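> just coords:
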């Protein structure tokens, strides 16, 4: 399992559990504070959140904010279809999800404009709720995650929940987004503190049922046999601890050590990751590719009591190249947008996410599990990206100015469409929102009203001053 080191600290000094993050060192200690939930009357009661992030920028116009009366150069060839909810219309290529529409809230009026109109800043805005700072424009993809960044919403939720007895409060799978070339800022706890970083669990397209369960990772001469010897491991921990002492600010080391040891020693740790125990019919319903099995694993993790699970879409670059998507394997469909969506992306998404909604509802878990589908951007409404041949290339370029999010469960009222974009799908029109409003709504659904923390100088600050809870969704 890969391990990122955004701080330049010697790798030999790290003790992590399956990539336990290091994006935050001594940048705050959260404390109880007054309710900052906004207009909603009382906090929600969801026990867990599953955030499904469609990496690359999913086309809102071709999925759930369709414009059938717009000119052809905007609307494209896809047609809307009726669903199980009169107030919800989806693309014809989402037939399975259409049957679950009575559980969904489709939010069509999110304006996530960033100065770069690109991925890095889009990730940051939609994962943290904070407008990216000027370094995203000046540095572009060279803008690495900073310890002073605003924290990922999942880590804020994790920080406000009692520690899980065996696992961690925030788990991300099946990969760290953008690593190693362009590790995306916004997916770490950053200034909130290292101990709240997600646990990263890796999965692969080649073996989609085999996820890397938590295991300690140390550099040097530590073999698997020695890792299994607790006494030897503790000596290695102590050595790493002494080396780490030179880095001021690692005040949470003992808690990190206890966390890692708990993951290693608890027999129940790996049980939630064993998908082989799931019936074949269930695995087939989710889809047996890596994205489907990741969603199935997410369901198992919330069953095990993990408060926040993130699934980053894992694309197939080889298949995308064959279909001329110019997308890097994900939803960044600069070329052949409609073919790539119809033949690959939408069928995978439709099967996996509809199965998750249906499965949670059948198990009586949907009311206590919030689902959020989001992306770093939408796609440009006018068809034709110059980088892939213009109109003839049938691609859609980046478009952070308007996107759609999907929410379900966790107290959300299903069968509704909230807000709207303009006639071309270019900008929010009715009930405009920002990613800060979405983030605040997630906090509210999870009962998080404490958004105060303290910096290294013991000065209080608000983890998200912007945005308001979207009360009408509940």
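Yep, it's here. Everything numeric in this text was worked out from a predicted model, so none of it was measured.
> Looks like residue 323 contacts residue 339 (just checking).
Yes - the pair residue 323 and residue 339 qualifies as a contact (CB atoms under 8 Å) at a distance of 5.9 Å. All C-beta spots, glycine's among them, are computed from the backbone N, C-alpha and C.
> Tell me where the stretch 251-400 of the chain has strands.
Along the stretch 251-400 of the chain, counting by DSSP state E, counting those that start in this stretch, strands occupy 308-312, 369-374, 378-379, 398-399.
> whoops, I mixed them up, the stretch 51-200 of the chain
Going by DSSP E, counting those that start in this stretch, the stretch 51-200 of the chain shows strands at 80-81, 90-91, 104-110, 170-173, 199-200.
> Determine the longest helix present in this structure.
helix 346-362 (DSSP state H).
> circling back to that earlier point, so which of the strands of the stretch 51-200 of the chain gets nearest residue 133?
Closest approach to residue 133 among the strands of the stretch 51-200 of the chain is made by strand 104-110 (20.4 Å; CB to CB).
> if we look at that closest one, which residues are touching it?
60, 64-65, 85, 88, 97, 357, 402-408, 412-421, 428-435, 437-438, 470, 473 (CB atoms under 8 Å, 6 or more residues apart in numbering).
> Between residue 323 and residue 339, which is the more surrounded one?
residue 323 (20 against 14; other CB atoms under 10 Å).
> Let me see the contact set for the more buried one.
Contacts for residue 323 (CB under 8 Å, 6+ apart) come out as 336, 339-340, 343-344.
> which residues are in contact with stretch 128-142?
Outside stretch 128-142, the residues touching it (CB under 8 Å, 6+ apart) are 114-116, 118-121, 124-125, 143, 146, 149-153, 182, 185-186, 434-436, 438-440, 464, 466-467.
> and with 7 Å instead?
Contacts to stretch 128-142, defined as CB atoms under 7 Å, 6 or more residues apart in numbering, come from residues 114-116, 120-121, 124-125, 143, 150-153, 182, 186, 435-436, 439-440, 464, 466-467.
> Please pull out the lowest mean pLDDT helix or strand from the chain.
Least confident element among the helices and strands of the chain, by mean pLDDT, DSSP states H and E: strand 16-17 (a mean of 38).
> Next, count neighbours for residue 400.
26.
> Skip the chain neighbours and tell me the closest residue to it.
residue 377 (4.3 Å; CB to CB, 6 or more residues apart in numbering).
> State the distance from that neighbour to residue 91.
18 Å (CB to CB, to the nearest Å).
> out of those two, which sits in the more crowded spot?
For residue 377 versus residue 91, neighbours defined as other CB under 10 Å are more numerous around residue 377 (31 against 24).
> ok, the more buried one - contacts?
Contacts of residue 377 by CB under 7 Å, 6+ apart are 57, 112, 122, 398-400, 403.
> Compare those and tell me which is most surrounded.
For these, the largest number of neighbours (other CB under 10 Å) sits with residue 403, at 31 neighbours.
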